[in-house]
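**Q** Sequence first, then the predicted structure:
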Amino acid sequence: MTYEEVPWHLDPDERQLIPKSARRKIASTYQAAVPACISSASLSVPEALSARVSELLVGLARFDEEQAARGYDLPALLLRSESAASSQIERLTSSVRNVALAELTDDAPANARIAQGNVAAMRTALSLPPEVSKQRICAVHEALIAPTGETFGGQIRDEQVWVGGTPYSPHGALFVPPVPQRIDACLDDLVIFAQRDDVNAIAKAAIVHAQFETIHPFIDGNGRTGRVLLHRVLCQEGVLRRSTLPVSAGLLHDVDAYMAAIRAYQQGDPLPIVQSLVGALELALVIGQRVATAIDGVMEGWRASITERTGSAIWRLPQLLAERPVVTASLVAERLDITPRAATNLVKRACEYGMLRPLGSRRRGDFYQSDELLDLLEEISSMPGIRRVLASRP
């Protein structure tokens, strides 16, 4: 990455409104990043790291294959913890329960609506055709931003942004991304690199992510969009076809090292971000395996407790709860294709079994949550919880 000197224009009237301490730092020009072109760049992965990647790919393939045998959607559950952890990297905290609640009502905390955008972005990314493109990147960003009510989702920025420093100008910022006029060409270059078939799949995902963060094409939400792109590339490359792993939980384990790896990439060394992603995936795989075992136990316990006849709608409720651990009777009626009255009776019965618990009345009706599933997801959405999961026996 190099830099270019760019004029900085400030209206004299606006200048008078800025505190003197900040005004003194504002100059007539500033330095903006010029990302290196990567479409034809070569990458050499050291033998030790390559062997580690090969072992990791075997473990990921085995975990991915196991999802086909499950009678519920484990990826739908794990993408919630992925979304919560990705938001925490940006210092946006919300409980998994509130994020699930935000899918059902606007009467949810602001941070929950922001994190719910992460869930929507993940779903959008994994539902799109596999190849990375500018249009699909914008679609992911639009899904990310929509729950907040903001209107800039999916729109490439037409103004200068910066990271750190003051809100008044890019002078003194930690990082100043490229000027808007460079963004389209930078994204074209990124997309060409993403389609190459001569780059190790995990290394490709890491570099696509770091290059995207360097381009910073949106006004806000670049970090979370970039981490969603990690999953998109891993899916495109066939590394994770059926499953979702909480990769951001692995990155959350050492955020400082992750941020340092991105800075190293921008300074010309791609290996630290590759190593960071490898470590995050190794950790995410362990977390995914532990949580899968725990959720299997929950599902088996529910199935053992149900006494209704085979074919009753309640047998299909666990699959729905894997996708939506907070529900309403109307959602149950819609998703299980039963009458509202039958859904109300089913939810009541599920509460008797301990599958659900009333959350209390709100403006849009009664909400019910699965404590067992939510507790497991909360565990892998924070560093203390992740450490407890890793310390537990497999």
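**A** Received the coordinates, thanks.

**Q** which parts of stretch 283-300 are buried?
**A** 283-292, 294-295, 298-299 (16 or more other C-beta atoms under 10 Å). For the C-beta atoms, the positions are set from N, CA and C on the backbone; glycine is no exception.

**Q** just those residues now: which is nearest residue 82?
**A** The shortest approach to residue 82 among those belongs to residue 284, at 8.3 Å (C-beta to C-beta).

**Q** Any regions of this structure where pLDDT drops low?
**A** Residues of the chain meeting the criterion pLDDT under 70: 75, 360-365, 381-383, 389-390, 392-394.

**Q** how much space between the residue nearest the centre of it and residue 286?
**A** For the chain, residue 83 is the residue whose C-alpha lies nearest the centre (C-alpha atoms, centre = their mean; 4.1 Å). Distance of residue 83 to residue 286, computed by C-beta to C-beta, to the nearest Å: 19 Å.

**Q** Kindly report the same for residue 388.
**A** Taken as C-beta to C-beta, the span from residue 388 to residue 286 is 13 Å.

**Q** just checking, what's the longest helix in this structure?
**A** Ordering each helix of the chain by length in residues (DSSP state H) puts helix 271-305 first.

**Q** Which strands or helices does that one pack on?
**A** Secondary structure elements in contact with helix 271-305, counted by 3 or more C-beta pairs under 8 Å, 6 or more residues apart in numbering; DSSP states H and E, are helix 47-66, helix 74-89, helix 201-215, helix 247-252, helix 255-266, helix 317-323, helix 371-379, helix 383-391.

**Q** For residue 346, find the nearest of those helices.
**A** For the helices and strands packed on helix 271-305, proximity to residue 346 was assessed by C-beta to C-beta; helix 317-323 is nearest, at 6.7 Å.

**Q** Give me the contact list for the following helix or strand past the closest one.
**A** Later in the chain than helix 317-323, the nearest helix or strand by DSSP states H and E is strand 326-327. The contact list for strand 326-327 (C-beta atoms under 8 Å, 6 or more residues apart in numbering) reads 97, 100-101, 103-104, 320-321, 347, 356, 359, 367-370, 374.

**Q** Now with 10 Å, please.
**A** For strand 326-327, contacts defined as C-beta atoms under 10 Å, 6 or more residues apart in numbering pick out 96-105, 317, 320-321, 335, 343, 347, 350, 356, 359, 366-370, 373-374.
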